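Visitor: Take this sequence and fold it.
(chains A and B)
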There are 2 protein chains.
Amino acid sequence: MEPQELVQRLHDRAVFRADTMAKVDCFRSEHLLVGLNCFEPGQSQAVHAHAGADKFYVVLSGKANFVVGERTFAAGPGDLILAPAGVPHGVTHAETRTVVLVAIAPAP
Amino acid sequence: MEPQELVQRLHDRAVFRADTMAKVDCFRSEHLLVGLNCFEPGQSQAVHAHAGADKFYVVLSGKANFVVGERTFAAGPGDLILAPAGVPHGVTHAETRTVVLVAIAPAP
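Guide: So this is what the prediction gives:
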């Protein structure tokens, strides 16, 4: 499926890697990046921040532990996690296989 | 819950109206609007387009019939529907109670 396909079944687009969390681009423009972050159990994403860009995650499936700013918490399907510009965020570890929608505006 | 709360359980934020589809703002900045569009069965969103802003929907729950460009299709949980700047899009009708995540960049 082409990355810019206008209708995408996200669960079919998830990919997993044994060595590290995997990223999938679903859409990219000047204004917006939409993708997936896919975690096997125990995988993580280092805490980082985006200067000048607002980001959010929505957990689509699974369960993972997130950091945003000073907060650490477990999140599951239907949870929205917001990381406005400059706010540190990451995933300390996934408890199960986890698929997370990610969007960043403007695109990095 | 404040609209800019950094962690939000989206299913708890959905609201429904008897007379029309309902919109909920979850986050708004210069770069990005994130919200919910909530439909009772039979409700719709008129086809429209955003000049200079890219939009996407992700169906969180339910089932609804979307239009994007020339395409009309049914979408359910985990489906991503992209409406790049200028592309007409809307919801012809929801088949069940349906909650859709919506993001627009930059924010309208």
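
Visitor: alpha carbons only for contacts and neighbour counts from here, please
Guide: Fine.

Visitor: Tell me the secondary structure at A:Phe56.
Guide: strand (DSSP: H, G, I helix; E, B strand; the rest coil).

Visitor: Not counting its neighbours along the chain, what's nearest it?
Guide: Nearest non-adjacent residue to A:Phe56, counting by C-alpha to C-alpha, 6 or more residues apart in numbering or on different chains: A:Leu82, 4.4 Å away.

Visitor: Per-residue pLDDT of that neighbour, please?
Guide: pLDDT for A:Leu82: 97.

Visitor: try A:Gln4
Guide: In this model, A:Gln4 carries a pLDDT of 69.

Visitor: try A:Ala94
Guide: The model's pLDDT for A:Ala94 equals 98.

Visitor: about what we covered before: does the residue nearest to A:Phe56 sit in a helix or strand, and which one?
Guide: According to DSSP states H and E, A:Leu82 maps onto strand A:79-83.

Visitor: Which residues belonging to that strand are considered buried?
Guide: A:Asp79, A:Leu80, A:Ile81, A:Leu82, A:Ala83 (16 or more other C-alpha atoms under 10 Å in any protein chain shown).

Visitor: For A:Asn65, list each beta-bridge partner.
Guide: For A:Asn65, the beta-bridge partners are A:Ala74, A:His93 (DSSP bridges).

Visitor: backbone phi and psi for A:Met21, please?
Guide: Taking degrees, to the nearest 10, you get phi -60, psi 150 for the backbone angles of A:Met21.

Visitor: contacting residues for it?
Guide: Taking C-alpha atoms under 8 Å, 6 or more residues apart in numbering or on different chains, we find A:Met21 in contact with A:Asn37, A:Cys38, A:Phe39, A:Glu40, A:Gln43, A:Ser44, A:Gln45.

Visitor: May I ask which of these has the most neighbours?
Guide: Neighbour count (other C-alpha atoms under 10 Å in any protein chain shown) singles out A:Phe39 as the most crowded of these, with 30 neighbours.

Visitor: Would you agree it is in contact with A:Thr92?
Guide: No: counting by C-alpha atoms under 8 Å, A:Phe39 does not reach A:Thr92; the two are 11.0 Å apart.

Visitor: Verify the stated contact: A:Cys38 with A:Asp19.
Guide: No: counting by C-alpha under 8 Å, A:Cys38 stays clear of A:Asp19, with 11.8 Å between them.

Visitor: how about the residues of chain A near chain B?
Guide: A:5-11, A:27, A:29, A:31-32, A:53-54, A:60, A:68, A:78-83, A:105-106 (C-alpha under 8 Å from any C-alpha of the partner chain).
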